[in-house]
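Undergrad: below is the structure, and that's it, no one-letter string:
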């Protein structure tokens, strides 16, 4: 069941695969959950892993960003 917060007064998303899909998806998530920190690149690779099936994801980042990336991926994957 979809939360009413996510369905009220939100325009439908463009078709997946179009250039406007990811920006629209991120805008919808930001509107529904304004306090959630989002990193578009992480969202994109997580969606890629979800659509490709049972795959592993390896994210590379600078040492100083490891804690941030770990928190963001944990929040997004919940």
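TA: In hand now; what should we look at? Worth saying up front: this structure is predicted, and the values here are computed from it rather than measured.
Undergrad: next structured bit after the helix or strand of the chain with the lowest mean pLDDT?
TA: None of the helices or strands of the chain scores lower by mean pLDDT, DSSP states H and E than helix 4-7, at a mean of 50. Downstream of helix 4-7, the first helix or strand assigned by DSSP states H and E is helix 21-32.
Undergrad: mean confidence (pLDDT) on that next one, please.
TA: Averaged over helix 21-32, pLDDT sits at 87.
Undergrad: what packs against it?
TA: helix 4-7, helix 40-51 (3 or more C-beta pairs under 8 Å, 6 or more residues apart in numbering; DSSP states H and E). Every residue, glycine included, has its C-beta placed from N, CA and C.
Undergrad: which one of those helices is the most hemmed in?
TA: helix 40-51 (a mean of 14; mean count of other C-beta atoms under 10 Å).
Undergrad: angle of the helix or strand following that helix against helix 21-32?
TA: Using DSSP H and E, the next helix or strand after helix 40-51 towards the C-terminus is helix 66-77. Relative orientation of helix 66-77 versus helix 21-32 (axes from the mean of the first three to the mean of the last three C-alpha atoms, to 10 degrees): 90 degrees.
Undergrad: tell me the mean pLDDT for helix 66-77?
TA: On average, helix 66-77 scores 76.
Undergrad: so which elements touch it?
TA: helix 40-51.
Undergrad: what are the contacting residues of the helix it packs on?
TA: With contact meaning C-beta atoms under 8 Å, 6 or more residues apart in numbering, helix 40-51 is reached by 22, 25-26, 29, 55-57, 59, 69, 72-73, 76-77.
Undergrad: name the member of those with the most neighbours.
TA: If you count neighbours using other C-beta atoms under 10 Å, the busiest of the contacts of helix 40-51 is residue 72, which has 20 neighbours.
Undergrad: how near is it to residue 43?
TA: Residue 72 sits 9 Å away from residue 43, going by C-beta to C-beta, to the nearest Å.
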